[in-house]
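Trainee: The sequence and its predicted three-dimensional model are supplied below.
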Amino acid sequence: MQDTLEQLAEFLESVPPYDHLTWEERLQIAHQSSRLRYKPGEAIYQLGEPLPGVYILKSGEVETSDEHGVVVSRLAPRSTFGERGLLRDGKAATTATAKQTSVVVQLPAAEFRKLLETHSFVQRFFLHGSKTFSRSADFSTQRVADLIAREPLHCAPSTTVGEAARLMRTHHVSSLGVTEEGSSQLVGIVTIRDLANRVLAEGRDASTPVREIMSPIKAALSRDSLGSDVLRMMVEHKVGHLPVVERGQFVGMITQTDLTRFEATNATSVVREIANATETDAMARAAARIPALLVQLVAANQAHEVVTRLITDVADAITRRLLALAEEELGPPPVPYLWLACGSQGRQEQSGVSDQDNCLFLDDSVRPQDMPYFQALARRVSDGLNACGYVYCPGDMMATNPRWCQPVSVWREYFHSWAVTHEPQSQMLASVMFDLRPISGETSLFNDLQEETLEKASRNSIFVAHMIANSLQRTPPLGIMRGFATLRSGPHRGHIDMKHHGVIPITDLARIYALRGQIRDVNTRARLVAALEMGEISASGGRDLIDAYDTIAMLRLQNQANLIKQGREISNFLAPAELSDFERNTLRNAFIVVRTMQSAIGHDQRGLR
């Protein structure tokens, strides 16, 4: 029996987000829609087919599957489906099949788009991802590329100090980059202070070449650095000018004058407080402000990668300060070393809940009698981190473990053995070590090894295949009937783990893309963007996955912020029942994207060749 327009309008009153429309608007939708009946096993649409609109299941059951036939979702009545493909490129992103006799309401594409244009709550329900969140804010969150005020001004080492001074006066600047003759390769900088202290104060002649009085490069930024990096480096290195370098080429200068155009954030004050700390207790007090910082950043609608980056900056600052204090106590290191972070700190993805994961790379000239120094160094830093809230790693992945405090030659052997030994433990360790990021020390101890390891590992098809299999161990918490697979027992009953079954599946996928594409980024979102730009993942799949990651990561942070405001313990567990309808819909769609991409990489034969 055919439904009347009034009956269809009444049905839509029970379906979000249409339940927020007026009665007249629901009648208009009913008038424009088609009512379709499908037999069990009959396809509603096939993957890649042009979609005439979106579908609303009135009765029955519908199953969606990906290109490999893997079931993505089973839909119950009052479910809307087909919108992801329609909004992406107008073509079906999955295949939809009736599992039993089903009645479906088809809303034409033109009507659906009109709803999106005229109703913000419809947009919020269906349009999820990075566009929802602001990516611009104060100085701390600005990209350095956006802070560069002018074209780079530079001179050659042979330029006289008189010529350099006149160049500064002409362009009203306080510094110049010093670059190799005929190139943009940066070798130093010269500032007004250098001219005053090393020329005028010492009575040098104006014909003195710049190379004799220029300052060495204490620290440099990249175009992708954040304003928080500028502030941290200026405080830690006590400089007022920072060159911006891209692949060794001088591309600009950031000065204290640039800082006056922006207001520093609380994140900056925390880092400054840490940089000036003389004891662990002072750093612990600064770190105790992280929960409040997280709440403020989330409330300001900062993008998730900015929030986690600023929070990670605090851990980085504490680590560097602890290392400096340890060296003051123990004396200078007997050989060069490099302290590295792995895990969420390595990826710059720390949130309100973080332990410590770190290791030490030592120069190959290290002797057995030197090891007690580095054991003492590691113990002081690890204990200090624990006192600041970064608890000891349960798996003992710390520099205090002799296994993770070794010369570079031993680390090279580690990486080689993990790549050829196809055991679960090796895959786990390799996954951890692919997320390493230098924090303090001699970075050259790691750079060559990272490039060498990526190249060798990416060419080992068996290793890649095992890494893919390992990355599929954690799956999104999707339920059978358009719900969520929540925990069934324990203190978090009815919740989903937004870390291990939310962001980690995407982190694992991004690591595989980075491995296959030899992408050196360790941040998950940066890896996804790079993989998309390199064609390592399809344009449509890549955009969907980035949007899904933005949604899941942001909801995780919002949940943590809510827990903090409620005075509850910060955790990664979220109760779907506490979300609004459109948040649940958005989160579930994001999980479907992740499951689809997992299915695609699982069937990708490139990793098995």
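Mentor: Everything's here; your move.

Trainee: Now stretch 384-404: average pLDDT?
Mentor: Averaged across stretch 384-404, pLDDT comes to 94.

Trainee: does residue 390 really touch residue 358, like I thought?
Mentor: No - between residue 390 and residue 358 there is no contact under Cβ atoms under 8 Å: 9.4 Å. C-betas here are computed from N, CA, C, even on glycine.

Trainee: When these two are compared, which one has more neighbours?
Mentor: Taking other Cβ atoms under 10 Å, residue 390 and residue 358 do not tie; residue 358 has more neighbours (28 against 22).

Trainee: roughly how far apart are that one and residue 379?
Mentor: Per Cβ to Cβ, to the nearest Å, residue 358 is found 12 Å from residue 379.

Trainee: Equivalent analysis for residue 400, please.
Mentor: 6 Å.

Trainee: Equivalent analysis for residue 202, please.
Mentor: Applying Cβ to Cβ to residue 202 and residue 379 gives a distance of 45 Å.

Trainee: Which one of those two is surrounded by more residues?
Mentor: The residue with more neighbours, out of residue 202 and residue 379, is residue 379; 14 against 9, by other Cβ under 10 Å.

Trainee: Doesn't the more buried one lie inside a helix?
Mentor: Yes - assessed with DSSP: H, G, I helix; E, B strand; the rest coil, residue 379 lies in a helix.

Trainee: Just the local confidence number for it, please.
Mentor: Note for residue 379: predicted pLDDT of 97.

Trainee: For it, give me its contacts.
Mentor: Going by Cβ atoms under 8 Å, 6 or more residues apart in numbering, residue 379 touches residue 400.

Trainee: now do the one 5 residues further on
Mentor: With contacts taken as Cβ under 8 Å, 6+ apart, residue 384 has the following neighbours: 280, 283, 318, 322, 325.

Trainee: of all those, which two lie farthest apart?
Mentor: In terms of Cβ to Cβ, the contacts of residue 384 reach their longest pairwise distance at 318 and 325, which sit 10.5 Å apart.

Trainee: pLDDT of the host helix or strand of residue 431, averaged?
Mentor: Element membership for residue 431 (DSSP states H and E) is helix 424-433. For helix 424-433, mean pLDDT rounds to 76.

Trainee: how about that helix: buried residues?
Mentor: Buried residues in helix 424-433, counted by 16 or more other Cβ atoms under 10 Å: 426, 427, 429, 430, 431, 432, 433.

Trainee: Closest to residue 170 out of those?
Mentor: residue 433 (50.5 Å).

Trainee: The closest one reaches residue 415, doesn't it?
Mentor: Yes - using Cβ under 8 Å, residue 433 is in contact with residue 415, at 6.8 Å.

Trainee: what are the ranges of the strands in the stretch 251-400 of the chain?
Mentor: Listed in chain order, the strands of the stretch 251-400 of the chain (DSSP state E, counting those that start in this stretch) span residues 337-341, 358-362.

Trainee: Let's have the ones you listed in a markdown table, adding mean pLDDT.
Mentor: A markdown table is the format used below for those (pLDDT from 0 to 100):
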| stretch | mean pLDDT |
| --- | --- |
| strand 337-341 | 96 |
| strand 358-362 | 97 |
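
Trainee: most tightly surrounded among the ones you listed?
Mentor: strand 358-362 (a mean of 26; mean count of other Cβ atoms under 10 Å).

Trainee: That one pairs with which strands?
Mentor: Sheet pairing for strand 358-362, assigned by DSSP bridges, gives strand 337-341 (antiparallel), strand 405-407 (parallel).

Trainee: now that strand against helix 424-433, angle please.
Mentor: In terms of direction (axes from the mean of the first three to the mean of the last three Cα atoms, to 10 degrees), strand 358-362 departs from helix 424-433 by 80 degrees.

Trainee: now the residue lying closest to residue 442 once chain neighbours are set aside: how far from residue 229?
Mentor: With Cβ to Cβ, 6 or more residues apart in numbering as the criterion, residue 442 has its nearest non-adjacent residue at 4.0 Å, and that residue is residue 336. Applying Cβ to Cβ, the value for residue 336 to residue 229 is 23 Å.

Trainee: Have a look at these two and say which one is more surrounded.
Mentor: For the pair residue 336 and residue 229, the greater number of neighbours falls to residue 229 (21 against 16), based on other Cβ under 10 Å.

Trainee: gap between that one and residue 419?
Mentor: Distance from residue 229 to residue 419, counting by Cβ to Cβ: 33 Å.

Trainee: same check, this time on residue 227
Mentor: Per Cβ to Cβ, residue 227 is found 38 Å from residue 419.

Trainee: Which one of those two is surrounded by more residues?
Mentor: Taking other Cβ under 10 Å, residue 227 and residue 419 do not tie; residue 227 has more neighbours (27 against 20).

Trainee: Please tell me I have it right and residue 38 contacts residue 55.
Mentor: No - the criterion here is Cβ under 8 Å, and residue 38 misses it with residue 55 at 10.2 Å.

Trainee: Please enumerate the shared neighbours of these two.
Mentor: In contact with both residue 38 and residue 55: 44, 104, using Cβ under 8 Å, 6+ apart.
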